[in-house]
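**Q** Attaching a predicted model along with its sequence, questions to come.
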Amino acid sequence: MARISIDKVRNIGISAHIDSGKTTLSERVLFYAKKIHKIEEVKGKSGVGATMDFMDLEREKGITIQSAATYCEWKDYNVNLIDTPGHVDFTIEVERSLRVLDGAVLVLCSVAGVQSQSITVDRQMKRYKVPRICFINKMDRAGANPFRGVQMLRDKLSHNAHLITYPIGAEDKFQGIVDLVTMRAFYFDGDNGEHVREEEVPADILSESQKYREDLIAAVGDFDEVVGNKYLNGEDVTVDELRTAIRKATLSLNFTPVMTGSAYKNKGVQLLLDAVTYYLPSPPEKENIALDQRQGEAPVVLASDKDKPLVALAFKLDEGRYGQLTYMRIYQGRIRKGDVIFNAANDKKVKVPRLVQMHADEMNDIDEAQAGDIVALFGVDCASGDTFTDGVLKYTMTSMYIPGAVISLAIEPKDKTGQANFSKALNKFTKEDPTLRVHRDEESNQTIISGMGELHLEIYCERIKREYACEVIVGKPQVAFREAITKRGDFSYTHKKQTGGSGQFGKVVGYIEPLPADSPLSYEFVDDITGGSIPREFIPACDKGFLEAIKEGRLIGFPIVGVRAVINDGSSHAVDSSEQAFKTASLMGFREAYERAGPVILEPIMKLETQAPEEFQGGVMGQINQRRGVIVNSSTNEGYAVIEAEVPLSEMFGYSTDLRSGTQGKGEFTMEFLKYAAVPKNVQDDMVKKHQEKRAKEAK
């Protein structure tokens with residue numbers, strides 16, 4: 001790829017709800033940019049699959065599992081593109097991509113509009129302050145209505161959203177697009193829409209197009225004085241003035257330009273590529289902050305300048321046949337093949353043996369990369385989220401948000417000979433994916449993997465089998481329950497043990513209480529000791545005792561969250577007191593108070609969105625109610641019922657099978673973690689009883 005000015009570089013991601021057409025859109029972008037010579041479909045008859053879905057599993061299931069990076073040239077711009085998954089179970093892939101991108105394309109389906117995962121993706125874009133263009137796709141589908149999509153962007157996502165292109169027709173009469181900036185109509189001819197034909201705006205939609213252009217000018221006039229004044233004075237706004245105003249508005253994060261088209265029918269993609277170059281930021285226009293470790297983590301604004309000292313972030317790891325591939329975004333400075341760079345996390349120096357630009361799973365060797373580039377390095381051992389510098393600076397980039405796991409499975413290799421490969425696979429996957437956790441259950445001696453959902457864990461079990469030739473036995477899914485307290489519980493506990501020689505003595509007095517609901521902490525320790533009733537050197541031991549106690553609750557053995565432990569009195573012995581004595585006293589004191597503090601079991605509650613034909617609405621709602629679900633909202637959209645509900649995860653296993661059989665295979669759903677909430681009293685009693693029976697059995 002030719003080296004050009006950094007102002008002509010665009011780093012963008014394509015994000016959306018599952019099945020909105022992200023990968024189909026990426027495929028068209030690559031085709032029109034002459035990066036590929038033939039369009040393949042996501043579920044194509046050829047069995048080849050789309051370029052960006054290069055894993056066998058992605059091609060079989062017809063979904064994107066991993067984010068894939070590529071690059072292309074459009075007109076005289078370089079575009080680095082990341083296609084991200086839509087399924088909520090792979091949300092970390094979207095998270096880490098948006099962390100390093102400068103702009104994004106939010107894809108909506110013209111029929112469904114804003115869906116549950118669109119809301120999640122939008123939240124991620126806001127978290128990393130990523131300006132976006134919205135592309136309302138699938139204009140050829142029955143029931144296509146882009147105007148409702150714009151209204152949903154305003155109502156559901158609070159976007160200041162305005163059309164910058166207007167569709168010519170819809171559904172099977174969708175022919176082309178009017179660009180509201182230039183007021184020209186565009187049609188896409190040829191087998192793959194590669195020949196763009198420009199004409200006058202059709203007379204029957206001219207007045208409507210002019211009305212939407214007026215709305216657009218009024219909206220962006222708030223961000224640009226020239227356009228604002230011209231609008232107020234009733235003067236004409238030039239194309240360049242309007243483009244400048246839309247760009248300013250988009251970069252302010254307070255405006256979303258909306259475009260329409262159909263990637264599958266090859267209409268509107270070239271205009272979207274133009275809009276990416278016109279309205280999304282170049283690397284210098286996005287503020288990137290690093291923390292200076294030598295100045296107490298003082299924030300520093302990085303300059304997208306190739307001549308400054310290097311700062312780069314490793315945002316994704318991929319363990320391939322030839323070793324670890326580290327995807328890196330360079331924020332400042334440059335990297336050359338053969339350079340020595342420093343990992344700010346552990347001060348290790350690393351030589352760069354090979355530098356490549358990725359095109360899905362193809363690697364293209366390059367000798368140098370600089371500020372604004374997204375590249376991959378071979379043979380660099382690091383973790384996801386590590387910052388690299390040239391050793392002069394001691395900067396680290398702020399880390400990305402990693403959601404907690406909500407579901408666990410016991411997993412083991414089918415035969416003992418596969419143990420080495422099994423361990424190797426889990427080590428690789430946990431390094432690649434921070435949302436996949438692995439631990440050993442000491443009691444049952446089982447390996448437990450935890451993740452974001454059933455599909456997430458199912459994909460990893462399948463990958464162990466395929467990539468490491470290791471058959472696995474999978475246990476029943478287990479939900480990540482938590483325990484909590486509902487009121488204050490006091491304790492006064494004396495730990496006294498006298499054996500031959502010096503004994504053990506420690507007394508702690510205090511209380512435990514629930515933390516406020518909005519507290520970001522799950523545990524807080526408060527030292528209210530006055531007058532030295534417990535010597536200072538034993539205070540940390542009390543904290544350790546409480547930390548030990550919250551690891552396993554007394555109801556069903558799950559961790560305790562949302563608790564504040566306070567010590568305000570106690571006593572010690574000149575000879576017999578020790579760290580161990582106070583640690584034990586705090587542990588036992590906590591357990592004593594826990595019984596009095598109204599302990600409850602918390603369960604993960606999922607946000608569920610189910611879609612099914614209207615005739616099945618009653619049955620679908622009945623299924624949700626049977627699973628202890630609370631229906632929050634229901635609406636109908638083009639003959640389909642959309643039901644939003646909050647449902648306990650523990651009740652959702654096997655739901656996909658039930659939904660399909662209850663809707664003749666026409667129902668579909670998405671589900672993501674929402675919050676933890678207390679289980680009903682009867683369910684809690686049942687769970688506690690089962691846990692006690694299990695304990696009694698194990699004790700025998």
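**A** Received the coordinates, thanks. Numbers count the residues shown, from 1 in each chain.
**Q** tell me the contacts of G169?
**A** Contact analysis of G169 by C-beta atoms under 8 Å, 6 or more residues apart in numbering lists 175-176. Bear in mind the C-beta positions are built from the backbone N, C-alpha and C, glycine included.
**Q** Return the backbone torsion pair for L317.
**A** phi -120, psi 150 (degrees, to the nearest 10).
**Q** Just name the shakiest helix or strand of the protein by mean pLDDT.
**A** helix 56-61 (a mean of 58; mean pLDDT, DSSP states H and E).
**Q** Can you list the residue ranges for helices in the stretch 451-600 of the chain?
**A** Ranges of helices within the stretch 451-600 of the chain are 454-468, 539-550, 579-596, based on DSSP state H, counting those that start in this stretch.
**Q** Which of those sits closest to T530?
**A** Minimum separation from T530 across these (C-beta to C-beta) falls at helix 539-550, 12.2 Å.
**Q** Quick check: next helix or strand after the least confident helix or strand of the chain?
**A** Once helix 56-61 ends, the next helix or strand along the chain (criterion: DSSP states H and E) is strand 68-74.
**Q** Now that next one: average pLDDT?
**A** In this model, strand 68-74 has a mean pLDDT of 82.
**Q** Mind giving me the packing neighbours of it?
**A** When contacts are defined as 3 or more C-beta pairs under 8 Å, 6 or more residues apart in numbering; DSSP states H and E, strand 68-74 sits against helix 22-32, strand 77-83, helix 269-279, strand 354-359, strand 374-378.
**Q** Of all these, which one is nearest N346?
**A** Judged by C-beta to C-beta, the one of the helices and strands packed on strand 68-74 that comes nearest to N346 is strand 374-378, at 16.5 Å.
**Q** re the thing from before, can you check which of the helices and strands packed on strand 68-74 gets nearest to A263?
**A** Taking C-beta to C-beta as the criterion, A263 comes closest to helix 22-32 out of these, the separation being 4.1 Å.
**Q** With only the CA atoms kept, save the closest one in CSV.
**A** Provided in CSV are the C-alpha atoms of helix 22-32 (Å, rounded to 0.1, in the frame of the first residue of the first chain):
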residue,chain,number,x,y,z
LYS,A,22,-21.8,-6.2,8.3
THR,A,23,-19.7,-8.9,6.6
THR,A,24,-21.6,-8.5,3.3
LEU,A,25,-20.9,-4.8,3.4
SER,A,26,-17.2,-5.4,4.1
GLU,A,27,-17.1,-7.8,1.1
ARG,A,28,-18.5,-5.1,-1.2
VAL,A,29,-16.0,-2.5,0.2
LEU,A,30,-13.1,-4.8,-0.7
PHE,A,31,-14.5,-5.5,-4.1
TYR,A,32,-15.1,-1.8,-5.1
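**Q** how far out from the middle of the chain is that helix?
**A** 22 Å (C-alpha atoms, centre = their mean, to the nearest Å).
**Q** now swap in stretch 599-615 and tell me
**A** Stretch 599-615 has its average C-alpha position 19 Å from the chain's average C-alpha position, going by C-alpha atoms, centre = their mean.
**Q** Kindly report the same for stretch 589-603.
**A** Counting by C-alpha atoms, centre = their mean, stretch 589-603 comes out at 33 Å from the chain centroid.
**Q** and what of stretch 631-641?
**A** Relative to its parent chain, stretch 631-641 has a centroid offset of 26 Å by C-alpha atoms, centre = their mean.
**Q** And stretch 302-315, by the same measure?
**A** 24 Å.
**Q** what's in contact with that stretch?
**A** The list of residues contacting stretch 302-315 from outside it, by C-beta under 8 Å, 6+ apart, reads 6, 96-97, 99-100, 282-284, 288-290, 326-335, 341, 370-372, 380, 382-390, 392-393, 395, 397, 400.
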